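Participant: missing the sequence, but the structure's below:
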């Protein structure tokens, strides 16, 4: 575990417990680390690839029907 921080497992557990409670369309605003973990959970939890997921700051990500779509922003 990082000093004064949380491990990947701790973050994935916390996000995973929240994720199972989402039962309607939602807007999620988070920092890159949370986005990486959330995307990893939604796409199958490939923990070795999660830290390398690109998180552009000028995009909107939509998760619908088990598929992610990236929307370019103006």
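Facilitator: Thanks, I have the structure now. A quick note: this is a predicted structure, and the numbers were derived from the prediction, not measured.

Participant: Name the SS class of residue 63, please.
Facilitator: strand (DSSP: H, G, I helix; E, B strand; the rest coil).

Participant: can you pull the contacts of it?
Facilitator: residue 42 (CB atoms under 8 Å, 6 or more residues apart in numbering). Placement of C-beta: from N, CA and C, glycine included.

Participant: can you tell me how far residue 25 sits from residue 63?
Facilitator: 10 Å (CB to CB, to the nearest Å).

Participant: residues in contact with the nearest residue to residue 39 once chain neighbours are set aside?
Facilitator: Computed as CB to CB, 6 or more residues apart in numbering, the closest residue to residue 39 that is not its neighbour in sequence is residue 53, at 5.9 Å. Counting by CB under 8 Å, 6+ apart, residue 53 makes contact with 35, 36, 39, 40.

Participant: Please, where are all the helices along the chain?
Facilitator: All helices of the chain, identified by DSSP state H, fall at 8-19, 32-42.
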